[in-house]
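> task: produce atomic coordinates for the following.
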Amino acid sequence: MRNRLFKNYYSRFILNVVFASVILLAFTSFLVYNTIILEDNKENINLYSIILFMSFGVVIFAITFIFLERKRNHYLNEIYLGIEKMSKGDLTSKIEAKGDDELSIMALNINELQDTINKLIISEKESEKTKNELITNIAHDLRTPLTSIIGFLDILVNNNNLDENKKKDYLAIAFEKSKKLEVLIEDLFSFTKMNYGDELVLKKEKIDIIELLNQLLSELYPLFETNSLEYNLQTNVNSLIMNVDPKLIVRLFENLINNAIKYGKDGKNIVVRVKYYKELSKVDISVINFGKLIPDSAIKKIFDKFYRVDDSRASETGGTGLGLAIAKSIVDLHGGTISVKSDTDGTVFRVSFNVEN
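Coordinates of the predicted model:
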């Protein structure tokens, strides 16, 4: 592209020089011819006359060349002024693309650069806003369980009149809050590793994904019970061996199931569905809840870091907004895909993996 632009520029430049030279030759020839006719003897033409003719020719050449280049020079000045405005921070004004030569292409490229810079500035502002929101969210999400833990432990330490049942209740609450604190810190730790280049290293093992999901659902039973939810594992195979990182896969489905529990309480049921396509060596694993639908405007952002459909600070839906972002990163590390749809048939998070033989 760059070579073609320079070629077009120099071709046009040479063409204008040739045209101006033809005008110079014609004008000079006209003067010499008429002088010869007037003098009636070409021998009488002296050096002074030749210099005079050539001077006139140079002037005519310069005038002709300037005339031919005036529009381009004026347009070049417009481009320069546009660049000068950009350098001073004005990223709103555009340079009009005139014609289809190299200067118009330059103007289009400058406008494109201006749009790119504007997008980067907007992205940076959004990133800064996100960081500020993250700090606020972290402060709130960590402080809330920590305050409860400190409060109940303080009562246990300083109040000697508590009966054993009260002590057990307070210890249970402190333990529950501690577990929540652990999850939040683990989310932040995982996010830091993935976001700042300290990539997670896969430690793959051959595991039975059906057995893993069964075990995970059983371990989460108290959470289902607390939220008055039932769960159901549906699968078209009794066993499916996959070569994956067990810890990360557990983390992936913990995040998806926990998310389904948080937002699917109204549906009273959580379904984990496994479909194995033997001929394609592919498996789809879906986590489905029947609670409140996700708005269309939120679907595109659902896997963004720090994004939460529910912006409220209610404890039942609170969090850093990293769970689904971490889930997507784990799926990406395993070469899979993750998608979401939300309609009257339920909210479905579908993960697809190729099954290595």
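> between the two ends of stretch 85-94, how far is it?
Start-to-end span of stretch 85-94 (Cα to Cα, to the nearest Å) is 10 Å.
> how about that stretch: buried residues?
residue 86 (16 or more other Cβ atoms under 10 Å). In short, each C-beta sits where N, CA and C put it, glycine included.
> what sits up against it?
Residues outside stretch 85-94 that contact it (Cβ atoms under 8 Å, 6 or more residues apart in numbering) are 82, 110-111, 114, 117-118, 121.
> any idea which of those is least confident?
Within the contacts of stretch 85-94, pLDDT reaches its minimum at residue 82, with 77.
> that one falls within a strand, correct?
No - counting by DSSP: H, G, I helix; E, B strand; the rest coil, residue 82 is located in no strand; its state is helix.
> I'd like to know which of the contacts of stretch 85-94 are buried.
82, 110-111, 114.
> pipe those into a markdown table and attach secondary structure per row.
Listed next are those as a markdown table, based on three-state DSSP:
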| residue | secondary structure |
| --- | --- |
| 82 | helix |
| 110 | helix |
| 111 | helix |
| 114 | helix |
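> quick one: which of these is nearest residue 222?
Of all the buried ones among the contacts of stretch 85-94, residue 114 has the smallest distance to residue 222: 56.6 Å, by Cβ to Cβ.
> now do the contacts for the closest one.
Applying Cβ under 8 Å, 6+ apart, the residues contacting residue 114 are 86, 91, 94.
> residue boundaries of the strands in the stretch 251-357 of the chain?
269-277, 282-289, 337-343, 346-354 (DSSP state E, counting those that start in this stretch).
> need the winner for burial among those strands.
strand 282-289 (a mean of 21; mean count of other Cβ atoms under 10 Å).
> tilt between that one and strand 337-343?
Calculated by axes from the mean of the first three to the mean of the last three Cα atoms, to 10 degrees, strand 282-289 forms an angle of 40 degrees with strand 337-343.
> alpha carbons of strand 282-289, as PDB, please.
The C-alpha trace of strand 282-289 is given here as PDB (Å, rounded to 0.1, in the frame of the first residue of the first chain):
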ATOM      1  CA  LYS A 282     -17.600 -34.100  21.400                       C
ATOM      2  CA  VAL A 283     -19.500 -33.500  24.700                       C
ATOM      3  CA  ASP A 284     -21.900 -30.700  25.600                       C
ATOM      4  CA  ILE A 285     -22.400 -30.100  29.400                       C
ATOM      5  CA  SER A 286     -25.200 -27.700  30.300                       C
ATOM      6  CA  VAL A 287     -26.100 -26.200  33.600                       C
ATOM      7  CA  ILE A 288     -29.700 -25.000  33.500                       C
ATOM      8  CA  ASN A 289     -31.800 -23.000  36.000                       C
END
